[in-house]
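[1] starting from these lines, generate the structure:
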Amino acid sequence: MYYDNDFYDEPSEFEMRMDEFKESIAKSVKKEFIEEMERLRAENKNLQGIKEHFEQVKRDYEKKKQECGRKISEAEQKARRMRAQEIMEQYKIFLWTTTWNYLYGQKCDKCDKDRRIEVTLPSGKKIKDECKCSNSKTRVMLPKRMAMYEIADRNTGIAAWYRACGKRDNQYYILDYAPSVYLERTIEPGTSFDEVEKIKEQGTVFFTTEEECRAYCEYLNERNLVPSNAVYNLDGSVYENEEG
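    Numbers count the residues shown, from 1 in each chain. From the prediction side, this is the model:
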């Protein structure tokens, strides 16, 4: 029997449908694959953003944690300082010593606050010159109060004196002169000024009352021939002794 070879070479309808089906499946799979890849890319990008944000959150957290730790440490230190100040206030005493300042006689009404007066030179130029009342400038000895902190054991006779340093909110205490120095240079009431002078040769002397210290300053000013009217500041205001 004779058969046309072209008949067998031609794809059957079934094969054609299968090819179309395969192609359709391939396109569908490819499309799904591409869509899935795009979805994964978008998700990965989003996750990358979340990761970066999370890292920033971690950094911010660590920064806040350190800041919180620092503030807690500062608060603890401040509490300890306040407690130390509270305790030390129980041992606070006042001693008086001598200091000095330049003071003047009464200011005239012709000069400015710096005791300078305007004068005109022969050339017509005006200049500032010292007023005659500024010649009353003199060095005056004055009492100065010292706040000390005495911690002593009366039974053993052991004592130490501390001095406050720094500002009020950041105050600390240091051991001042050796105890023996304070004991040797603290002037007993009724001690003659001649004896005080001998003690002063060793260094600063300390008085237990302002009255005794002031009397000693007056003694020194009288000895140094300081005018009794030397009680004014440069600007003419009356000098007020500030407590140390």
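
[2] where do the strands sit along this protein?
    92-103, 116-120, 126-130, 138-153, 158-165, 172-175, 186-187, 206-207 (DSSP state E).

[3] point out the most buried one among those strands.
    Looking across the strands of the chain with neighbours counted as mean count of other C-beta atoms under 10 Å, the highest average goes to strand 206-207: a mean of 24. All C-beta spots, glycine's among them, are computed from the backbone N, C-alpha and C.

[4] mean confidence (pLDDT) on that strand, please.
    Across strand 206-207, the average pLDDT comes to 90.

[5] what's it in contact with?
    Strand 206-207 is contacted by residues 95-97, 143, 146, 182, 185-187, 213, 216 when judged by C-beta atoms under 8 Å, 6 or more residues apart in numbering.

[6] doesn't residue 147 make contact with residue 92?
    Yes. Proximity of residue 92 to residue 147 meets the contact threshold set by C-beta atoms under 8 Å, at 6.2 Å.

[7] related to what we said a few turns ago, of the strands of the chain, which is nearest residue 73?
    strand 172-175 (16.4 Å; C-beta to C-beta).

[8] if we can go back for a sec, now the contacts of strand 206-207 in TSV, with pLDDT?
    Listed next are the contacts of strand 206-207 as TSV, based on pLDDT from 0 to 100:
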residue	pLDDT
95	86
96	90
97	89
143	93
146	83
182	69
185	82
186	83
187	86
213	92
216	93
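
[9] let's have those residues in a markdown table, adding distance to residue 197.
    Shown next, in a markdown table, are the contacts of strand 206-207 (distance: C-beta to C-beta, whole Å):
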| residue | distance to residue 197 |
| --- | --- |
| 95 | 18 |
| 96 | 17 |
| 97 | 14 |
| 143 | 17 |
| 146 | 20 |
| 182 | 19 |
| 185 | 12 |
| 186 | 15 |
| 187 | 11 |
| 213 | 14 |
| 216 | 9 |
